[in-house]
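Visitor: Output the structure for:
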Amino acid sequence: MIIYSVSITIEKSIEAEWLDWMKEIHIPEVIDTGYFIDWEIHKLIIPEDNKNEVTFRIDYTLKSIKHYEGYIKASASKLQKEHSVKFEGKFKASRAVYSILMK
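Guide: Okay, the predicted model is just below:
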């Protein structure tokens, strides 16, 4: 199993709007690509580095690295662009891919 992990730091002033959009629009669109089998969203509580920002991590589960590669080639840029346009100048993002070794 593979985890595609996206960390997003956003302005606190848009937290509710961002969470609603992620839950109702973005995450369903990501899952609908057919490459992912599950997802989780986490909110960073410690350390809280900046009182004006909040950090979230969205972990998407895939069966294999080939599914990740398919997503990157077919869908990632479009979905990332939609997020960038909607929340332009109000977020920072980083991405990483992990392999699950034990559970």
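Visitor: which strands and helices sit next to the helix ranked longest in the chain?
Guide: Ordering each helix of the chain by length in residues (DSSP state H) puts helix 77-86 first. Counting contacts by 3 or more C-beta pairs under 8 Å, 6 or more residues apart in numbering; DSSP states H and E, helix 77-86 packs against helix 27-31, strand 91-99. No exception for glycine: its C-beta is placed from N, CA and C like everyone else's.
Visitor: Compare these and give me the one nearest Ile14.
Guide: strand 91-99 (8.3 Å; C-beta to C-beta).
Visitor: For stretch 45-65, C-alpha coordinates in PDB please.
Guide: Provided in PDB are the C-alpha atoms of stretch 45-65 (Å, rounded to 0.1, in the frame of the first residue of the first chain):
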ATOM      1  CA  ILE A  45      -2.500  20.700  16.800                       C
ATOM      2  CA  ILE A  46       1.100  20.700  18.200                       C
ATOM      3  CA  PRO A  47       3.300  22.500  17.400                       C
ATOM      4  CA  GLU A  48       1.200  25.500  16.500                       C
ATOM      5  CA  ASP A  49       3.800  27.600  14.800                       C
ATOM      6  CA  ASN A  50       1.700  30.600  13.700                       C
ATOM      7  CA  LYS A  51      -1.400  31.800  15.300                       C
ATOM      8  CA  ASN A  52      -2.700  33.100  11.900                       C
ATOM      9  CA  GLU A  53      -2.300  29.800  10.100                       C
ATOM     10  CA  VAL A  54      -3.400  26.200  10.500                       C
ATOM     11  CA  THR A  55      -1.900  23.000   8.900                       C
ATOM     12  CA  PHE A  56      -3.700  20.000   7.600                       C
ATOM     13  CA  ARG A  57      -2.500  16.700   6.200                       C
ATOM     14  CA  ILE A  58      -4.600  14.700   3.700                       C
ATOM     15  CA  ASP A  59      -3.500  11.100   3.300                       C
ATOM     16  CA  TYR A  60      -4.800   9.300   0.300                       C
ATOM     17  CA  THR A  61      -4.300   5.500   0.100                       C
ATOM     18  CA  LEU A  62      -3.400   3.700  -3.100                       C
ATOM     19  CA  LYS A  63      -2.900   0.000  -3.800                       C
ATOM     20  CA  SER A  64       0.500   0.600  -5.600                       C
ATOM     21  CA  ILE A  65       3.000   3.100  -6.900                       C
END
